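Visitor: Fold the stuff below for me.
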Amino acid sequence: MRLVSLLGITAATIFAALTCFSPSASACGDSKDAEPIPPIKDQLIAFREYSSLFTIYPHFGLLQPEGTQAVYKNDTQGRVRGVNFVNANGAAIIKALFEYRPVYNPRNSRHPEDGQYDVPHYKQIQYAFIKAYSEDGGRMTDYAYIQFNYGGEDYIPLYEDLDVTTPRGTAHAGHPSLMLGGCVTVSKEEMSLAYSIAFPGEERIDEMIDGTIVLELPGQPRREIWLALESNNDKVSIMPASKINNL
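Guide: Coordinates of the predicted model:
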C-alpha cells in the first residue's frame, strides 16, 4: 500500500512535485486516517459504457477492435490526420480524424514561438472525430467528437481539459493532475491494475508522476480516476480494446 499526500498541485507544475508525491507516512499522518482511492476499475467501466471508441486512461488514445489493422494517413508536417481500423474483409469499422492547434502566428504577440516548448503547438491535437461502422463498413453505429481545451490564445503547453459529445450525451474530463485534499492510500491491487493498462510502447514505471482525472459523465456524479498520466497530446496512441473491454 502506498500513502499519498495531496497538495493541490496543477498539471503545469506537476513535475516540480516529484519529491512531494510519495512522502513518508509521517508527512501524511497516521495511515488509518487516509482514505482509499475510488476503485479504478469502476471508473473505467463507467467510461467504457459511455464510449468504447477511445480511452482517456492513462491518457487519451484510440481503442483498436480485435482483428483489425490500423491504417494511417499523415499530412506534410508528419502529423497523423486520420486512422482507420480495417477488418479482415477490408471494411473500415472505425474512422478517426484529427485537427491540430494552429501554427504560430508571428503577428499575434500573445502566441509564443513554438521553439519555446519541447512540443510545438501545431503538433498537439485539438479536435478528434471518431465514427464506428457496421462490419460491412456501410452503416454508422456510434460516434465521438472530442475537443481539447488549451486555455484560449495563451498557448499553454498542456491541454486543461476536454469535452466529449456522443449519442449518450456530453462528458467532461480534466487533464491528469494532482488533487487537493489530505492523504489517500493506494493498494497494491490498484497499482497493479493501473500499471497494467498501458499503451504498447509506453511502459509505465513506478517513478512516473501519477495524476487524477476528474470525470463528469452525463447524469452521473463527478468521478475521479487515479494513477493517470499527463500527456503532451502530440501523437495518436492506440490501445487494444480488449484492455478495457476485459476489465
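
Visitor: measure residue 218 to residue 211 for me?
Guide: For residue 218, the distance to residue 211 equals 23 Å [C-beta to C-beta, to the nearest Å]. Just so you know, the C-beta spots here come from the backbone N, C-alpha and C atoms, and that holds for glycine as well.

Visitor: out of these two, which sits in the busier spot?
Guide: residue 211 (25 against 13; other C-beta atoms under 10 Å).

Visitor: can you tell me which residues contact the more buried one?
Guide: 11, 14, 175, 176, 177, 178, 227, 228, 229, 230 (C-beta atoms under 8 Å, 6 or more residues apart in numbering).

Visitor: So what's the residue count around the third one?
Guide: The one in question is residue 175. Residue 175: 26 neighbours (other C-beta under 10 Å).

Visitor: Correct me if wrong: it contacts residue 159.
Guide: Yes: contact criterion C-beta atoms under 8 Å: residue 175 and residue 159 qualify, at 5.6 Å.

Visitor: Leaving out sequence neighbours, find the closest residue to the residue nearest the centre of the chain.
Guide: By C-alpha atoms, centre = their mean, the chain has its centre lying nearest to residue 59, at 2.4 Å. Using C-beta to C-beta, 6 or more residues apart in numbering and skipping the chain neighbours, the partner closest in space to residue 59 is residue 231 (3.7 Å).

Visitor: try residue 33
Guide: Here the residue nearest residue 33, using C-beta to C-beta, 6+ apart, is residue 183, at 6.9 Å.

Visitor: just residue 48 next, same as before
Guide: Per C-beta to C-beta, 6+ apart, closest to residue 48 is residue 244, 5.3 Å.
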